[in-house]
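A.B. asks: predicted model, plus sequence, below.
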Amino acid sequence: MRGDWIAAREAWQQLWAMAGADFNMNSRRWRAKVGVAETWLRVGEWETAVAHLTAARELAWAIGASPAWEQTVQRLAEAYDLGDKAINLIF
């Protein structure tokens with residue numbers, strides 16, 4: 001019985017570590033996508049920027065980072081004078 005409990009605990013710890021690694025990896029990925037999109041915004045390539053921002057939004061939502069995503073879009077909207085275009089990026 002004790003051996004089963006130890007095996008279950010070890011499996012849980014491994015699963016928890018993998019989930020944390022996935023969260024960290026996806027967090028870095030969506031922020032990198034935002035960085036690439038920001039570069040495209042600087043040169044005026046709206047369609048390319050939107051493609052990267054859409055992918056970033058999906059990653060942010062997948063890991064539960066919606067509040068951070070909304071703050072990022074607000075920052076980009078102010079920095080690049082996106083106006084109403086930014087609303088479509090949030091949702």
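C.D. replies: Structure received. Here the structure is a predicted model, which means the values were calculated and not measured.

A.B. asks: contacts, neighbours, all on C-alpha from now
C.D. replies: Noted.

A.B. asks: and the pLDDT at the spatially most central residue of the chain?
C.D. replies: Nearest to the centroid of the C-alpha atoms of the chain, with distances taken as CA atoms, centre = their mean, sits residue 60, at 2.8 Å. Among the per-residue scores, residue 60 holds a pLDDT of 86.

A.B. asks: please identify which helix or strand holds it.
C.D. replies: Assigning secondary structure by DSSP states H and E places residue 60 in helix 46-62.

A.B. asks: residues of that helix that come out buried?
C.D. replies: Buried residues in helix 46-62, counting neighbours by 16 or more other CA atoms under 10 Å, are found at 49, 50, 52, 53, 54, 56, 57, 58, 59, 60.

A.B. asks: will you turn the residues you listed into CSV that also has distance to residue 68?
C.D. replies: As requested, the buried residues of helix 46-62 are arranged in CSV below (distance: CA to CA, whole Å):
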residue, distance to residue 68
49, 18
50, 18
52, 16
53, 13
54, 15
56, 11
57, 10
58, 13
59, 12
60, 8
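
A.B. asks: pick the one among the residues you listed closest to residue 83.
C.D. replies: Taking CA to CA as the measure, residue 50 is the one of the buried residues of helix 46-62 closest to residue 83, at 14.1 Å.

A.B. asks: ok, now which ones touch that closest one?
C.D. replies: Residues in contact with residue 50, defined by CA atoms under 8 Å, 6 or more residues apart in numbering, are 37, 89.

A.B. asks: after the helix holding residue 60, next one along is what?
C.D. replies: With DSSP H and E, the next secondary element past helix 46-62 is helix 66-79.

A.B. asks: once you drop chain neighbours, what's closest to residue 48?
C.D. replies: Spatially, and ignoring its direct neighbours in sequence, residue 48 is nearest to residue 40 (6.5 Å; CA to CA, 6 or more residues apart in numbering).
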